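**Q** how would this look folded up:
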Amino acid sequence: MGIKSFQGAREEQKKQFNAPILVEDYMSKNLVIFKPEQSILEVMELFIKHRISGGPVCNDAGHLVGIISEADCMKQISESRYFNMPILEKNVENFMTTEVDTIPHDMNIFDAASRFYEGHRRRLPVLDHGKLVGQISRKDIVVAALKLNSHNY
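**A** Next comes the predicted model:
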């Protein structure tokens, strides 16, 4: 005679996925932010001090107006040497890139990974209603994927 179970039929267990998967959960929030009126000299000093290769340029309202990078500074140095002009007298707004790819704070990391792959960027500014709230990098996406490794996508 077999053993009877008095537990009754078991409910089907549904997997719950509670891991954070949004860009805002993994982005860097403590950024070095530049102003359009800053000098190139000051920008280069901050690059060295903070060990960064670029950063967002925001106006007084906190809206992203461009990106300044080491490459932009190299262009200024090269042109100054060629034209025999002082290197560091110009402001960030003269050399920053104004066409900036951005990413919304509420995008999921899988779509963000796609954006990185398609755009060949190493980092993207994160916006919330037009204001800069952080920056996400390829490394942040990899960290997020490792944290989600134990979960089913």
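
**Q** same for the helix or strand of the chain with the lowest mean pLDDT, what does it pack against?
**A** In the chain, no helix or strand scores lower on mean pLDDT, DSSP states H and E than helix 70-83, which sits at a mean of 75. The contact analysis (3 or more Cβ pairs under 8 Å, 6 or more residues apart in numbering; DSSP states H and E) places helix 70-83 against helix 40-50, strand 54-58. No exception for glycine: its C-beta is placed from N, CA and C like everyone else's.

**Q** any chance of these in a markdown table, with mean neighbour count and distance to residue 99 too?
**A** Putting the helices and strands packed on helix 70-83 into a markdown table (neighbours: other Cβ atoms under 10 Å; distance: least, Cβ to Cβ, whole Å) gives the following:
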| stretch | mean neighbour count | distance to residue 99 |
| --- | --- | --- |
| helix 40-50 | 15 | 19 |
| strand 54-58 | 22 | 13 |
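
**Q** With respect to residue 27, which of those lies nearest?
**A** strand 54-58 (12.3 Å; Cβ to Cβ).

**Q** Give me the contacts around that closest one.
**A** 31-36, 46-47, 64-72, 92-93, 96, 100, 125, 132, 135 (Cβ atoms under 8 Å, 6 or more residues apart in numbering).

**Q** I'm done for today, thanks for sticking with me.
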